[in-house]
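Visitor: no sequence on this one, just coordinates:
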């Protein structure tokens, strides 16, 4: 089952907020509702958000009442901006939508219904391509995993984060399918706990050995020599190899580096943005403080009712803490500035 | 109000598990129940646990049916072992109980009831001394805080962690009372969330500006230059300055060091254990995995019902990450091995 797909004129998503308790598929018939679903994290993970945004644009195309191609393109442009602004840190929606818009603008098709279908066809192609890309990433990423590895994994990067198969968790799943004996320490990933909810749920489905830990325990498992690899995905990679990913990635990478444990972000090349010189140019989303405060432990609300909180959703991991970046085109080693540019040239 | 006190033959504790929702005082008439309260974290924080264990020993003294001093001492020894094993990582109960036992063994008193009263008198003296020591720590610790500081604080170290006033939070509170404008970023401190529950509650009482953050956000606030100091307590300090404290302290200290932000553990000298060469000799408690798993976010259980977890309660922060150790006898700078030994000699 795919995380996002088009069926009978609507976009269907697994509502990831309901997992692990309930597996619910939600249908959307309007691109504004898709933008809402992206913002509310019904769908999570950069590649899945990208594919969802693509299908959202197809909804906008079919809904547009324009009678000229110019007006249709203008409607698509407006819809595209709404879809991108739903999660400003992820680069994938922007990349997907620009690709579809460029393809449509260049097409010499004049029939408006055919043009609308072209938007959907491109969105579908991008979703299928995501699955193929993920399999390539999983192949490269699994080649770095050996028998007996204990891997710390941050956030959710499995099938649910993509259209299917996943990024970092795809590599782990493939290593498991290759018969390697591995164990995963799953960062629960506060504040939204995607590790505890989604990654643990996926590992349970695949029959991979795992234990959940709080994010702040990773340092202990690295320092004591128990964990020997760190895997995660990323929302954006800058030209110098700095990585924007879920909050906590920086501290995890720092603890790995302090203990000589290799750190592997697994990312599709669509996540690499050479126009950004370094991580400090990546905008970091701040979300509703209730995500930090609205927590119940053993039946009781944790924070005082009047408490205030901050909720930074992402952080920047400097490239000096990263061992190698795994992509569908291979494993990229330092110096990242040079090697990322080379990989991106060989399209 | 004190966190722990003796009244009419029973030991009274603020049940810290009920905070911040309810302020409840619980009475204990048996040292085994006191050991249970320590284990179940009714009382938290090394100095508070130490004072509680002292009063617990007084309960054992009055409960003992021994008719000779030798037998009474043997009962006290057995009770002492039960009290110490309730939280094996904290050094304070062992220190407090050894001090009382030594005093009683040395006393030439022959009357058994007088001997029992001596146990209580010593326990009371240790509790009062804790308050005096905390005020000294707060004076030294607050001298390092200046107007405009944004301080990251880990776990709970305020009045609730001690008999009164606290360690790290005592220093912060005194700086506030001196009129310094400060802001505290409160690590929520997973898994038991003592920051969110207890530290936020105390700061709210004192009127000190604060915001709660998830532990994994500290790196972002340090890297972005917002936070400029790190304060925490400690459960044990080894001879070389390595510190055992609540899980997450190592990663926090590492992120501070990576951004040239000073790190100040605030500890009574009773926490310093020169018999331990370094942090690796400190036993680290592993607790019930349900503390990691039994979490509800926005109304729903987070982890899959079949999920497994690890729950390491403490970690070791190597001394190279620590700027200075604040004690009631002054601020100790590196080289810690030399300077800790010197301070401990000048009793």
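Guide: All right, it came through fine. Every value quoted in this text rests on a predicted model; they were computed, and no experiment measured them. Numbers count the residues shown, from 1 in each chain, chains lettered A, B, ... in the order given.

Visitor: who does the lowest-mean-pLDDT helix or strand in chain A touch, helix- and strand-wise?
Guide: Lowest by mean pLDDT, DSSP states H and E among the helices and strands of chain A is strand A:300-301, with a mean of 82. When contacts are defined as 3 or more Cβ pairs under 8 Å, 6 or more residues apart in numbering or on different chains; DSSP states H and E, strand A:300-301 packs onto no helix or strand at all. C-beta here means a position set from N, CA and C on the backbone, and glycine is covered the same way.

Visitor: that one pairs with which strands, and in what direction?
Guide: Here strand A:300-301 has these sheet partners by DSSP bridges: strand A:295-297 (antiparallel).

Visitor: rewinding a little: any idea which helix or strand comes after the least confident helix or strand of chain A?
Guide: Using DSSP states H and E, the helix or strand that follows strand A:300-301 towards the C-terminus is strand A:314-317.

Visitor: which is the succeeding secondary structure element to that following strand?
Guide: The element immediately downstream of strand A:314-317 (helix or strand, assigned by DSSP H and E) is strand A:325-327.

Visitor: list the residues that contact residue A:333.
Guide: Applying Cβ atoms under 8 Å, 6 or more residues apart in numbering or on different chains to residue A:333 gives the contacts A:323-324, A:339.

Visitor: which of these sits closest to chain B?
Guide: Distance to chain B, by Cβ to the nearest Cβ, is smallest for residue A:323 among the contacts of residue A:333, at 17.1 Å.

Visitor: quick one: classify residue A:140 as helix, strand or coil.
Guide: Local secondary structure at residue A:140 is given as helix here, using DSSP: H, G, I helix; E, B strand; the rest coil.

Visitor: picking up where we left off before, may I see the contacts of residue A:333 arranged in a markdown table, with distance to residue B:182, neighbour count and pLDDT as well?
Guide: Listed next are these as a markdown table, based on distance: Cβ to Cβ, whole Å; neighbours: other Cβ atoms under 10 Å in any protein chain shown; pLDDT from 0 to 100:
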| residue | distance to residue B:182 | neighbour count | pLDDT |
| --- | --- | --- | --- |
| A:323 | 39 | 20 | 98 |
| A:324 | 42 | 21 | 98 |
| A:339 | 45 | 17 | 98 |
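
Visitor: Throw these into CSV and include distance to residue A:254, thanks.
Guide: Formatted as CSV, the contacts of residue A:333 follow (distance: Cβ to Cβ, whole Å):
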residue, distance to residue A:254
A:323, 13
A:324, 17
A:339, 22
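
Visitor: so which of those residues also contact chain B?
Guide: Taking Cβ under 8 Å from any Cβ of the partner chain as the test, chain B is in contact with none of those.

Visitor: can you tell me which residues in the stretch 1-150 of chain A are near chain B?
Guide: Counting by Cβ under 8 Å from any Cβ, the stretch 1-150 of chain A sits next to chain B at A:20-21.

Visitor: just the pLDDT for whatever residue of the stretch 1-150 of chain A ends up closest to chain B.
Guide: At 4.2 Å from chain B, residue A:20 is the closest residue in the stretch 1-150 of chain A, using Cβ to the nearest Cβ. pLDDT recorded at residue A:20 is 87.

Visitor: ramachandran angles for it?
Guide: As for residue A:20, its main-chain torsions (degrees, to the nearest 10) stand at phi -90, psi 0.

Visitor: how many residues are close by it?
Guide: 22 (other Cβ atoms under 10 Å in any protein chain shown).

Visitor: before we move on, back to that, who touches the least confident helix or strand of chain A?
Guide: Applying Cβ under 8 Å, 6+ apart, the contact partners of strand A:300-301 are A:295, B:21.

Visitor: and stretch A:280-289, by the same measure?
Guide: A:87-89, A:236, A:238, A:242, A:244, A:276, A:308-316, B:211, B:220.

Visitor: now swap in stretch A:73-81 and tell me
Guide: Contacts to stretch A:73-81, defined as Cβ under 8 Å, 6+ apart, come from residues A:31, A:56-57, A:60-61, A:64, A:66, A:97-98, A:100-101, A:104-105, A:119.

Visitor: which one of the residues you listed is nearest residue A:206?
Guide: Taking Cβ to Cβ as the measure, residue A:206 lies nearest residue A:56 of those, at 29.5 Å.

Visitor: touching, that closest one and residue A:6? I think so.
Guide: No - in this structure, residue A:56 is not within contact of residue A:6 by Cβ atoms under 8 Å, at 10.5 Å.

Visitor: ok, the two, which is more surrounded?
Guide: Set side by side, residue A:56 and residue A:6 show more neighbours around residue A:56, with 31 against 18, by other Cβ under 10 Å.

Visitor: any idea how far residue B:297 is from the more buried one?
Guide: Applying Cβ to Cβ, to the nearest Å, the value for residue A:56 to residue B:297 is 27 Å.

Visitor: if we can go back for a sec, quick one: which two of the contacts of stretch A:73-81 are the most distant?
Guide: Spatial extent of the contacts of stretch A:73-81 (Cβ to Cβ) is set by the pair A:66 and A:98 at 19.8 Å.

Visitor: between the two, which is the more surrounded one?
Guide: Set residue A:66 next to residue A:98 and count neighbours by other Cβ under 10 Å: residue A:66 wins out with 16 against 12.

Visitor: distance from stretch A:243-257 to the middle of the chain?
Guide: 15 Å (Cα atoms, centre = their mean, to the nearest Å).

Visitor: mean confidence score for that stretch?
Guide: Average pLDDT, stretch A:243-257: 98.

Visitor: does any part of that stretch sit near chain B?
Guide: Yes - using Cβ under 8 Å from any Cβ, stretch A:243-257 reaches chain B at A:247-248, A:250-252, A:254-255.
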